[in-house]
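Student: pasted the sequence and its predicted model underneath.
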Amino acid sequence: MDVIAFVGPSGTGKSHRALLVAHQHQADAIIDDGILIKDGKIVAGSSAKMEKSKIMAVRRAIFTLPGHAEEVRSAIAECRPHRILVLGTSENMVYKIARILKLPTIEQIIHIEDIATQREMQKARDSRLKQGKHIIPVPTIELKPHASGFLIDPIQSFFRRNRTRRRKLGEKSIVRPVFSYYGKLIIDDLAIREMVVRIVREKEYISKVGSVRVRHVWKGDEDRGLEISCSVVLTYGSHIPTLIKETQQRVRTKVEYMTGLFVREVDIMVQALYIEA
């Protein structure tokens, strides 16, 4: 089984072009926003577009909700696709999805900028922002049992074989998720710092938490993830590298779970050791 990825910022038309990209690269399965699609049918998973909040939608899209990844992994093993196309808003996201679903290494990454013009991407953004429209690359009749009340309209997808003839690729569905009416969601860095302090303090071997810094890594308008650093005072008597590694993993897992943001790295500096009298 081969794995390729299709990457582009949110709202630039990835799902709209997913069928075309899959056809051009001979992919018989697509993973998009939490669902596994094969031969135009939803085989497993639940769409992030059906969630009621953006945080839950992000968690659904990266398969961190309980039981979600296991369901899709089992379906992949059963239907055995030849090549899977994974959609994501960044390279970090598609690599994370591949890791969670235990897929083979991603062999190729296609970027939305390579196949869509700036004008086309801006048109897609306007549709998303002004009308709250999202696209799911499956036929409406297939989506109805999963998205009752969310559907707007089906659309047909074609590609041009020459100047006069077009070949039908399949049907896509337009939906308007509940969370699209709620406006923008922003998690302040102060809230993330407080999360980190509470997570680090959970263990008895942490005597004190010092300064916590949160830095966003940006590429253009896209948030590529967080870099978190903090200083701690450890209780004397344990193997320091083991404790730090455990703390780093716990911070990464819990911050990603609570915020839906990707954590690139967690740096911890041992400032001092506390020795009990």
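Tutor: Nice, I can see it.

Student: what about the strands in the protein?
Tutor: In the chain, the strands defined using DSSP state E lie at 2-7, 29-32, 35-38, 41-45, 83-88, 108-111, 134-136, 151-160, 166-175, 206-219, 222-235, 263-274.

Student: and these, which one averages the lowest pLDDT?
Tutor: Among the strands of the chain, strand 151-160 carries the lowest mean pLDDT, a mean of 44.

Student: sorry, back to before: can you list the strands of the chain in CSV and add mean neighbour count?
Tutor: Placement of C-beta: from N, CA and C, glycine included. Below are these laid out as CSV (neighbours: other C-beta atoms under 10 Å):
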stretch, mean neighbour count
strand 2-7, 22
strand 29-32, 25
strand 35-38, 23
strand 41-45, 18
strand 83-88, 24
strand 108-111, 14
strand 134-136, 25
strand 151-160, 13
strand 166-175, 17
strand 206-219, 14
strand 222-235, 18
strand 263-274, 15
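
Student: turn the ones you listed into JSON lines, columns for distance to Ile186.
Tutor: Output for the strands of the chain, formatted as JSON lines (distance: least, C-beta to C-beta, whole Å):
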{"stretch": "strand 2-7", "distance to Ile186": "23"}
{"stretch": "strand 29-32", "distance to Ile186": "25"}
{"stretch": "strand 35-38", "distance to Ile186": "27"}
{"stretch": "strand 41-45", "distance to Ile186": "28"}
{"stretch": "strand 83-88", "distance to Ile186": "21"}
{"stretch": "strand 108-111", "distance to Ile186": "26"}
{"stretch": "strand 134-136", "distance to Ile186": "20"}
{"stretch": "strand 151-160", "distance to Ile186": "27"}
{"stretch": "strand 166-175", "distance to Ile186": "24"}
{"stretch": "strand 206-219", "distance to Ile186": "12"}
{"stretch": "strand 222-235", "distance to Ile186": "11"}
{"stretch": "strand 263-274", "distance to Ile186": "17"}
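
Student: so for Lys254, which of those strands sits nearest?
Tutor: Lys254 lies closest, by C-beta to C-beta, to one member of the strands of the chain: strand 263-274, at 9.5 Å.

Student: now for that closest one, which elements pack on it?
Tutor: Other elements packing on strand 263-274 under the criterion 3 or more C-beta pairs under 8 Å, 6 or more residues apart in numbering; DSSP states H and E are strand 206-219, strand 222-235, helix 240-259.

Student: among these, which comes closest to Met121?
Tutor: Met121 lies closest, by C-beta to C-beta, to one member of the helices and strands packed on strand 263-274: strand 222-235, at 12.4 Å.

Student: the closest one pairs with which strands?
Tutor: Here strand 222-235 is paired, per DSSP bridges, with strand 206-219 (antiparallel), strand 263-274 (parallel).

Student: want to try JSON lines for the ones you listed, with distance to Ile115 as columns?
Tutor: Formatted as JSON lines, the strands paired with strand 222-235 follow (distance: least, C-beta to C-beta, whole Å):
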{"stretch": "strand 206-219", "distance to Ile115": "19"}
{"stretch": "strand 263-274", "distance to Ile115": "27"}
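
Student: could the helices and strands packed on strand 263-274 go into JSON lines alongside distance to His23?
Tutor: Output for those, formatted as JSON lines (distance: least, C-beta to C-beta, whole Å):
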{"stretch": "strand 206-219", "distance to His23": "28"}
{"stretch": "strand 222-235", "distance to His23": "26"}
{"stretch": "helix 240-259", "distance to His23": "33"}
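
Student: quick one: closest of the strands of the chain to His68.
Tutor: When those are compared by C-beta to C-beta, strand 41-45 sits nearest His68, at 6.6 Å.

Student: touching stretch 75-82 from outside, list them.
Tutor: For stretch 75-82, the surrounding residues in contact (C-beta atoms under 8 Å, 6 or more residues apart in numbering) are 1-2, 26-29, 36, 38, 43-45, 84, 101, 103.

Student: what about 7 Å?
Tutor: Contact with stretch 75-82 is made by Met1, Asp28, Ala29, Leu36, Lys38, Val43, Ala44, as judged by C-beta atoms under 7 Å, 6 or more residues apart in numbering.

Student: for it, what is the average pLDDT?
Tutor: For stretch 75-82, the mean confidence score works out to 92.
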